[in-house]
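Undergrad: A structural model of the following input is requested.
(4 chains)
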There are 2 protein chains.
Amino acid sequence: MTIKDSIFEDIREGRLKPGDQTPSEAELVETFKVSRMTANRALRELQSAGIVVRRAGRGSFVAEPRPIGQLIEIRNIADEVRSRGHAYRARVVHNVEIRADAERAALLEVGLGTRLFHSLIVHHETEFPIQVEERFVLASAAPRYGERDFSASTPNEYLTRVAPLERVEHRVCAAMPDTGMRTMLGLAEGEPVLMMTRRTWSRGRLVSHAWLTHPGNRFELSAAFSVET
Amino acid sequence: MTIKDSIFEDIREGRLKPGDQTPSEAELVETFKVSRMTANRALRELQSAGIVVRRAGRGSFVAEPRPIGQLIEIRNIADEVRSRGHAYRARVVHNVEIRADAERAALLEVGLGTRLFHSLIVHHETEFPIQVEERFVLASAAPRYGERDFSASTPNEYLTRVAPLERVEHRVCAAMPDTGMRTMLGLAEGEPVLMMTRRTWSRGRLVSHAWLTHPGNRFELSAAFSVET
DNA sequence: AAGTGGTCTAGACCACTTC
DNA sequence: AAGTGGTCTAGACCACTTC
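TA: The predicted structure is shown next:
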């Protein structure tokens, strides 16, 4: 666990970048005073998790960020827009602290009156709105959520930092937007939206419930996976 | 590889059912004449792939089919309908062999004139259409596709059997259906659809390209994953 | 007490890539 | 020739569950 954690931390904190060579098995044996099998297992598991790529005879390397994959929806929408070479901009409609009423309490599986944050943000690619993000967040899991400037960095970015992602659930459906949504997304009448409900867990608790709404015709979700061999 | 394959085959062919206990590490050591570490690794990898659940002190057991998971879209739509306790029915509009024209050749990344099958099927839950499936399949990868009776079992079921799934790619978008689609799905005017494009690879080749179209408001895709610890 | 998985060790042989 | 990962062995100690 320590070996994997150590390498993962080096990657997360930028000391190891995609393509960089990680310590070899032999180096890990020395550094961590373990047997080679243990070092081997740590690197092998990092490979299986897609964090590291290993090449016999060459070494182990930090994997490139997966361009498509199960994780695509987890990517920061800001990064995604920028990766297409476009400007990203966000407009924060509101971000306030509330107390859970019956409906919100059920949503986040907490008691009545629990402190929550409620944010509504419109994300833009160049000048076009591409996503409306409405989100409820458990305040105790992300205490400073309400003070954050989400026009500078996304809730997703903040949340994954303060509440390490443990489990994610997505539901996707097509729908016709109401007038408010249509206005925010700048849609013509009769245009459908692609709506994703996204719930995230951290440290055993449901931490966030979000609705991500996209213009149906100008946005695609994609995902790919390969079967382990 | 042999150990994992052997256990996986037992599961796939029903000799081991969800909840059943798999051979223990000690038994694998005897049967396959390997060291315990090798048996341990095989079972551990099956666990990491979600095939097997292991409990210290108790044993290893065939995992329950994941109710939600990355693989949900891979499940047979027939099974999915039945798992909701509803009747499943399919209407095969057509299933014919064609030669790839320029457009289809590009779609499946093959040469002009390559033999393909083209099927169009409407899937029903109880009496309601819930999915229109249009599919192009590489004939050389699934030679008997054209003779199959897809009102009895789905293309997906046949394909995963003859062409083991290696990689899947999904794209999802919301759209307004054309008149034909609207009729097939029994939709009112102004109702959006959720359209999934699904490509599958087997043995290194792109084998199938399908469009799965659902009534937007009566269907949801869902997916969840947990981060490895 | 016997069986289970969790984890680790110290060593081995191998094919491959790098220099 | 030196370094890399791929894989395996035979043994160990442990905590837990079952009977």
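Undergrad: What number of residues are in the vicinity of the residue in chain A positioned nearest to DNA strand C?
TA: Across chain A, no residue is closer to DNA strand C than A:Gly57, which sits at 2.6 Å (C-beta to the nearest atom of the strand). Bear in mind the C-beta positions are built from the backbone N, C-alpha and C, glycine included. Neighbourhood size, A:Gly57 [other C-beta atoms under 10 Å in any protein chain shown]: 4.
Undergrad: mind showing which ranges of chain A have poor pLDDT?
TA: A:1, A:12-13, A:49-50, A:65-76, A:80, A:82-86, A:126-127, A:166, A:217-229 (pLDDT under 70).
Undergrad: all helices of it, in order?
TA: For chain A, the helices defined by DSSP state H cover A:2-12, A:25-32, A:36-48, A:77-83, A:102-108, A:155-162, A:179-185.
Undergrad: Present these as a markdown table; the columns should include mean neighbour count and distance to B:Val52.
TA: Putting those into a markdown table (neighbours: other C-beta atoms under 10 Å in any protein chain shown; distance: least, C-beta to C-beta, whole Å) gives the following:
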| stretch | mean neighbour count | distance to B:Val52 |
| --- | --- | --- |
| helix A:2-12 | 15 | 21 |
| helix A:25-32 | 15 | 27 |
| helix A:36-48 | 18 | 15 |
| helix A:77-83 | 17 | 35 |
| helix A:102-108 | 14 | 33 |
| helix A:155-162 | 18 | 30 |
| helix A:179-185 | 14 | 44 |
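Undergrad: Can I get the ones you listed in JSON lines including distance to A:Glu147?
TA: Below are the helices of chain A laid out as JSON lines (distance: least, C-beta to C-beta, whole Å):
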{"stretch": "helix A:2-12", "distance to A:Glu147": "24"}
{"stretch": "helix A:25-32", "distance to A:Glu147": "39"}
{"stretch": "helix A:36-48", "distance to A:Glu147": "35"}
{"stretch": "helix A:77-83", "distance to A:Glu147": "19"}
{"stretch": "helix A:102-108", "distance to A:Glu147": "20"}
{"stretch": "helix A:155-162", "distance to A:Glu147": "10"}
{"stretch": "helix A:179-185", "distance to A:Glu147": "24"}
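Undergrad: quick one, which of these is nearest to B:Leu165?
TA: For B:Leu165, the closest of those is helix A:36-48, at 18.1 Å, according to C-beta to C-beta.
Undergrad: Dump the closest one to CSV, keeping only the CA atoms.
TA: Included here for helix A:36-48 are C-alpha records, laid out as CSV according to Å, rounded to 0.1, in the frame of the first residue of the first chain:
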residue,chain,number,x,y,z
ARG,A,36,11.1,-8.0,-5.4
MET,A,37,7.7,-9.7,-5.5
THR,A,38,6.2,-7.0,-3.4
ALA,A,39,7.7,-4.2,-5.5
ASN,A,40,6.5,-6.1,-8.6
ARG,A,41,3.0,-6.5,-7.2
ALA,A,42,2.8,-2.7,-6.5
LEU,A,43,3.8,-1.8,-10.0
ARG,A,44,1.6,-4.5,-11.5
GLU,A,45,-1.4,-3.2,-9.7
LEU,A,46,-0.7,0.4,-10.7
GLN,A,47,-0.6,-0.9,-14.3
SER,A,48,-3.8,-2.7,-13.9
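Undergrad: right, is that helix up against chain B?
TA: Yes: using C-beta under 8 Å from any C-beta of the partner chain, helix A:36-48 reaches chain B at A:Met37, A:Glu45, A:Ser48.
Undergrad: so how far is that helix off the chain centroid?
TA: Centre-to-centre, helix A:36-48 and its host chain are 25 Å apart (C-alpha atoms, centre = their mean, to the nearest Å).
Undergrad: near DNA strand D, which residues of chain A?
TA: Residues of chain A lying close to DNA strand D by C-beta under 7 Å from any atom of the strand are A:22, A:24-27, A:36-37, A:40, A:43-44, A:47, A:54-60.
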